[in-house]
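Novice: sharing a sequence plus its predicted fold:
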Amino acid sequence: MSILVTALLLLLALAGAPLFAVIAASAMWGFFQTEVDLQVMAVEIYRVAEMPVLIAIPLFTFAGYLMGESKAPQRLVRITDAFLGWMPGGLAIVALAACALFTAFTGASGVTIVALGALLVPALKKAGYRENFNLGLVTTSGSLGLLFAPSLPLILYGVIAQQMSLETPVSIDDLFLAGILPGLLMLTALSLYSAWQSRHLPKSNHTFDRAEAWAAIKDSAWEIPLPFVVLGGIYGGFFAVSEAAAITAFYVLIVTVIIRREITFTQLPVVMRDSMKLVGAILLILAVSLASTNYMIDAGVPEKVFDTIQAHVTDGFTFLLLLTIFLLILGMMLDIFSAIVIMIPIILPIAVQYGIHPIHLGILFLANMQLGYFTPPVGMNLFIASFRFNKPVMTLYRATLPFFFILLATVLIITYWPGLSLLLVE
């Protein structure tokens, strides 16, 4: 009977049933089988509402959507171009830095491709870069910022890990620190490749212009303090992550709606609705997933999976290799929020048994998922970019391959060098 129910739930998922409904049904069936009162589902949903840190997700999401709908992307490109554009491959490096920063605050790589792609691809083409390079650069760099604070996936991983009652505590502040060096490694690798790709371009006359740099600073005067206030406040101990999210949302709202007036009061409800649709989906999946997690822990599912894996995999090196392959496939098929809430409760206890630090696991998990976004054949960003730039998806496959292999190398470094993630934490 259990096999039949499992098969039915899988068929419903493949047929397009809402993910939260499938997860909730599986949890309810598990509790029913073990004669546990189904009111436990309501308790778990209420427990989500009681998590203080969880308020950071809707607030950061709202702030990110406001920035995306304003002219902040144009100002971000201008200021990065003013300070980085003079370098070899400068415009490409500008594109990488701008996309990473924008994704860090919006938390959605697809939004970055849509918002910045229209600015960056024509600019790169005008500078003489090949079309395939331009398309590949913007498509892949759209997910670069997922390791930088205040990335929503980092926060969500921290929330899930804190519910697992691990011996090693997982702080969201520590996750923010842990993502810095791996994220910079990815940026540096792609920057070096971009500089090498620019070697055949006509020598640029673009030099550092103090007047333009100062003008760009003045143009971005309201955006520049934001990361310093948010991150400085968190690490300086002045306020918690949830308080930082509230300050960010309030600040961005005042700047975009009242001071700059780039979003009108009539547009504001639309932005709020769109941002909260994403938040609602995340929180609903999270609520039912916590119930499912409790059932799996009570039923000893992670231990059974670990025993099965240990029978064939005896060392952490092989486990991490298999995990990398699995996560690349997972990243192609699931959005990052669903992947975190569904898989972390299963993977995290197993990884800890192999001696992997929970914070290191979070960083390598997100790094792999970031790569999965543009892994052929069904990486989500490939199709977003295909639609955005009106190009066949096969063109995007070819365009992203060099970037894929470069970032795959960095992902393997992140995976097998835990010190890179833990250096700033310990």
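Specialist: Yep, that arrived. Residues are numbered from 1 along each chain as shown.
Novice: V352 touches L166, doesn't it?
Specialist: Yes - if you go by CB atoms under 8 Å, V352 and L166 touch, sitting 6.5 Å apart. Backbone N, C-alpha and C define where each C-beta goes, glycine included.
Novice: who's more crowded, the two?
Specialist: V352 (18 against 13; other CB atoms under 10 Å).
Novice: and the helix or strand harbouring that one, average pLDDT?
Specialist: Assigned by DSSP states H and E, V352 belongs to helix 336-353. The average pLDDT for helix 336-353 rounds to 84.
Novice: against which helices or strands is it packed?
Specialist: helix 152-162, helix 268-298, helix 301-312, helix 316-333, helix 358-372 (3 or more CB pairs under 8 Å, 6 or more residues apart in numbering; DSSP states H and E).
Novice: picking that back up, overlap in contacts of V352 and L166?
Specialist: Shared contacts of V352 and L166 (CB atoms under 8 Å, 6 or more residues apart in numbering): P358.
Novice: show me what contacts the residue nearest the centre of the chain?
Specialist: Geometric centre of the chain, nearest residue: L146, 3.4 Å, by CA atoms, centre = their mean. Contact analysis of L146 by CB under 8 Å, 6+ apart lists 103-104, 107, 109, 153-154, 336, 366, 369-370.
Novice: hmm, which two among those residues are most spread apart?
Specialist: Comparing all pairs in the contacts of L146 by CB to CB, the longest separation belongs to A104 and M369, at 15.1 Å.
Novice: related to what we said a few turns ago, including distance to L135, mean pLDDT and mean neighbour count, could the helices and strands packed on helix 336-353 go into TSV?
Specialist: Shown next, in TSV, are the helices and strands packed on helix 336-353 (distance: least, CB to CB, whole Å; pLDDT from 0 to 100; neighbours: other CB atoms under 10 Å):
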stretch	distance to L135	mean pLDDT	mean neighbour count
helix 152-162	25	87	23
helix 268-298	26	78	19
helix 301-312	39	72	14
helix 316-333	19	84	17
helix 358-372	17	91	25
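Novice: in JSON lines: those, plus distance to M186.
Specialist: Below are the helices and strands packed on helix 336-353 laid out as JSON lines (distance: least, CB to CB, whole Å):
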{"stretch": "helix 152-162", "distance to M186": "15"}
{"stretch": "helix 268-298", "distance to M186": "24"}
{"stretch": "helix 301-312", "distance to M186": "28"}
{"stretch": "helix 316-333", "distance to M186": "15"}
{"stretch": "helix 358-372", "distance to M186": "8"}
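Novice: nearest to W214, out of the ones you listed?
Specialist: helix 268-298 (31.4 Å).
Novice: compute the inter-axis angle for that closest one and helix 336-353.
Specialist: 30 degrees (axes from the mean of the first three to the mean of the last three CA atoms, to 10 degrees).
Novice: from the contact counts, what lies against helix 268-298?
Specialist: Helix 268-298 packs on helix 19-33, helix 39-49, helix 56-69, helix 152-162, helix 336-353, going by 3+ CB pairs under 8 Å, 6+ apart.
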